[in-house]
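>>> Show me the folded form of this:
(2 chains)
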Amino acid sequence: MKILVPVKRVADPDNANKMKVTADGSAVTSEGLAWKVNPFDEYAVEAALRLNEKGGSGDVLGETVVISLGDDEVIQTLRQPLAMGVDRAILVKASDGEIDSTVVAKALAAVVEKEQPDLVLMGKQAVDGDSNTAGQMLAEHLGWPMATFAMSIEVADDGKALVVGREVDTGVLTLKVTLPAVVTVDLRIVAPAAVKNGVTPDDHAYNEGARYASLKGIMKAKKKPVDQTSLSDLGVEASPLVEYTKYELPPARSGSATFVESVDELVEKLRTEAKVL
Amino acid sequence: MSQEDTSDRLFNPTEEHAMLRQTVADFVRREVEPQAAAQDEKAVLNQPLFRKLAELGLLGITIPEEHGGAGMDAVAAVIVHEELSKSDPGFALAYLSHAMLFVNNFYHCSNDEQRARYLPKVLDGEWIAGMGMTEPGAGTDVLSMATTATRDGDHWVLNGTKTYITNGCEGHCFLVYAKVDGRITAFVVDRECPGFSTSNHIDKLGMRGSTMAELIFEGCRIPAANLLGEVGGGLAHMMRNLEIERLTLAAMSCGIAARCVDIMVRYANERKTFGQPINRYGQIQRYIGDGYAMTQAARALTYNVARDVRADRRARIGSDAAKLFAAPVGKQVADWAMQVMGGAGYCREYPVERLWRDAKLLEIGGGTLEAHQKNLTKDLTKQLGS
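This next block holds a predicted model:
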């Protein structure tokens, strides 16, 4: 199937503690931090590649395309999924100030109209803003079925539907979605047996986690096409609905801890001392 | 690409180099670091992990793409060795022995028939490989080697012993130097060749994520087709390959030093004595400041030299200088990191004591410091022209 995977560039989440806020609280600065593909989006890339290959054989079953919004530098971030095995990339040129989830969802919807993928597979959220909204809004714009927080995906009905295991507070909710659809993934989607496409042998052992960009993949990535378009080309107005008024860092942790002997004592203290119950 | 200074161009000259570093760093964080202490304890090579290097395409990093490699340069090789050595220099040494001492060397001195026989096996990790140069009686004085090869019909017969051979215990094939009528000649020898054997594992102080053994040739018969290049051509192959060997060994010292700087910066910020973090004390600041500056100097020299190391030109002065400078930096910075950590640094619970043991090898293997000093003096004097 043809899969479109939207990815977002985020400041290296492994060094998130280096993030700073300007003195006037007007902006977040990420100087000195490397740009990485949002981890949940990287998991979506892995899941898309697993859906679109006969694991272990090198056979490719469908086209996988990544898309991102941002300035020219984002092309460097897009090389990562290309090196992992994605076929091509699309960059929608935009500046950070022009976009929020609503603009992203509109732009993605416009690209979906053009590209006509069978599936949009994306991270459940970006680890910088943690908004968890773009996928849902995209499905609404398209009028497509949606499954969020996917921790397993199985191709069903001869490729016309997906059975998606959704991780929810009470357990796993299983949904069948008819394609085309929007699916957003949680981190367990990269467990060794989380994706079943009906073609890869069941005993094929995937590694835990997203695949590495192999050296051959890296060398090929440079030659893969990155199509460029813009918000205006897509007929999308750069008018974000979300306005950021002020940023501040979370308060430093006090570093003190109280140990309790029993659950009863814990509940008592939460009620009387912490006053959170 | 990271949002770093333009000096980053030296360490990651192209986008591909930056992505290579990222891939190896991810692999190291996820799979190399977690096994390093246990492999050090057991003193065996982690072969399943080694085969993953093949999946990443790293075993033929310097070999052209049309021969199954990645077609990358010496800078790329330096990046891989530096990143691996931040977590497990012993494992990095097994990689170096395979990918640099065997694969890179073999590629440049073999013919198409030999490449077809060996490259597929060593590039996909089915076979682990190494190289035999040093002998019990010939180290720095390598030209005095006593291993001989004599022609007998359609075979060569080898006699002699090579020692301190990394991957000696696991290796399936080795590039071996032996003298034919007094002239140094290169051969490839399979473990299955009659008359070939390896000694027991030679236990060692550090670099314990890789093994070491003697290669013993007792009337060892190898096919005539296993002669690499010309009879007497071995010296040229040896001298060419020593450059990338020394360069990547220097890169390993850089990796050890960089990791140790990282460890001491973090530790000194967290550890408190007399009511304040120890990084407030000038004594500690000297270790951190000097350690960082020396590490960056070693990296700058190593990466600068790497730009000149290629199969078709000689860069002996640079590669000797890089290893001569970087090896003691690795050892010194590891020592300072241990000093900053005090008792904790001396304990097995933390990686510093392991890196400290590993670091020493780089002052000996692939050329002692004294060999580099000798070569540099000779080559620099020669440059005077007389």
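>>> tell me the SS of residue B:176?
Under the three-state scheme (DSSP: H, G, I helix; E, B strand; the rest coil), residue B:176 adopts strand.
>>> Check the contact between it and residue B:132; I expect there is one.
Yes. Using Cβ atoms under 8 Å, residue B:176 is in contact with residue B:132, at 4.3 Å. Just so you know, the C-beta spots here come from the backbone N, C-alpha and C atoms, and that holds for glycine as well.
>>> what's the burial count for residue B:344?
By the criterion of other Cβ atoms under 10 Å in any protein chain shown, residue B:344 has 14 neighbours.
>>> next one: residue A:88
Counted with other Cβ under 10 Å, the neighbours of residue A:88 add up to 15.
>>> re the thing from before, intersection of neighbour lists for residue B:176 and residue B:132?
B:147, B:162, B:189, B:215 (Cβ atoms under 8 Å, 6 or more residues apart in numbering or on different chains).
>>> ok, the helix or strand encompassing the third one: who's next to it in the sheet?
Assessed by DSSP states H and E, residue B:189 sits inside strand B:183-190. Its sheet considered, strand B:183-190 pairs with strand B:173-180 (antiparallel), strand B:227-228 (antiparallel) by DSSP bridges.
>>> so how far is that strand off the chain centroid?
Remark: strand B:183-190 is offset 21 Å from the chain centroid, using Cα atoms, centre = their mean, to the nearest Å.
>>> Need the contact partners of the next helix or strand after that strand.
Using DSSP H and E, the next helix or strand after strand B:183-190 towards the C-terminus is strand B:196-198. The contact list for strand B:196-198 (Cβ under 8 Å, 6+ apart) reads B:158, B:165, B:168-169, B:171, B:189-191, B:213-218, B:220.
>>> Which positions in strand B:196-198 come out as buried?
B:196, B:198 (16 or more other Cβ atoms under 10 Å in any protein chain shown).
>>> now that strand: how far from the chain's centre is it?
Mean-position distance between strand B:196-198 and its chain equals 23 Å (Cα atoms, centre = their mean).
>>> Partner strands of the following helix or strand past that strand, with direction?
Next along the chain after strand B:196-198, taking DSSP H and E as the criterion, comes strand B:212-223. Strands adjacent to strand B:212-223 in the sheet, as given by DSSP bridges, are strand B:155-166 (antiparallel), strand B:196-198 (antiparallel).
>>> now what about strand B:212-223, what contacts it?
With Cβ under 8 Å, 6+ apart as the test, strand B:212-223 has contacts from B:132, B:136, B:147, B:152, B:154-166, B:168-169, B:174, B:176, B:178, B:187-190, B:193-202, B:204.
>>> how about a cut-off of 7 Å?
With contacts defined as Cβ atoms under 7 Å, 6 or more residues apart in numbering or on different chains, strand B:212-223 is touched by B:132, B:147, B:154-166, B:168-169, B:174, B:176, B:187, B:189, B:193-202, B:204.
>>> coming back round to it: comparing the strands paired with strand B:183-190, which comes out most buried?
Counting by mean count of other Cβ atoms under 10 Å in any protein chain shown, strand B:173-180 has the highest mean neighbour count of the strands paired with strand B:183-190, with a mean of 24.
>>> What mean pLDDT does that strand get?
The average pLDDT for strand B:173-180 rounds to 98.
>>> one step back: now the two most distant members of the contacts of strand B:196-198.
Within the contacts of strand B:196-198, B:158 and B:169 form the most distant pair, 19.6 Å apart (Cβ to Cβ).
>>> Between those two, which is the more surrounded one?
residue B:158 (27 against 20).
>>> Pairing partners for that one in the sheet, please.
Beta-bridge partners for residue B:158, by DSSP bridges, are residue B:149, residue B:220.
>>> Please apply the same query to the one 4 residues further on.
Residues found in beta-bridge contact with residue B:162 (criterion: DSSP bridges) are residue B:215.
>>> Just give me the neighbour total for it.
Number of residues near residue B:162 (other Cβ under 10 Å) recorded here: 28.
>>> residue contacts, residue 160?
Just so you know, I chose chain A. A:178, A:179.
>>> think we crossed wires, I meant chain B
B:135, B:146, B:147, B:148, B:178, B:217.
>>> Ignoring the adjacent residues along the chain, who's closest to it?
Sequence neighbours aside, residue B:147 is the residue nearest to residue B:160 in space, at 2.7 Å (criterion: Cβ to Cβ, 6 or more residues apart in numbering or on different chains).
>>> how about that neighbour, phi and psi?
phi -70, psi 130 (degrees, to the nearest 10).
>>> before we move on, what about residue A:233?
Backbone torsions of residue A:233, given as degrees, to the nearest 10, read phi -60, psi -40.
>>> ok, now how distant is it from residue A:247?
Taking Cβ to Cβ, to the nearest Å as the measure, residue A:233 and residue A:247 are separated by 32 Å.
>>> And residue B:61, by the same measure?
From residue B:61 over to residue A:247 (counting by Cβ to Cβ), the distance is 43 Å.
>>> Quick check: pLDDT value at the residue of chain B positioned farthest from its centre.
Seen from the C-alpha centroid of chain B, the residue lying at the greatest distance (Cα atoms, centre = their mean) is residue B:275, 43.5 Å away. For residue B:275, the model assigns a pLDDT of 94.
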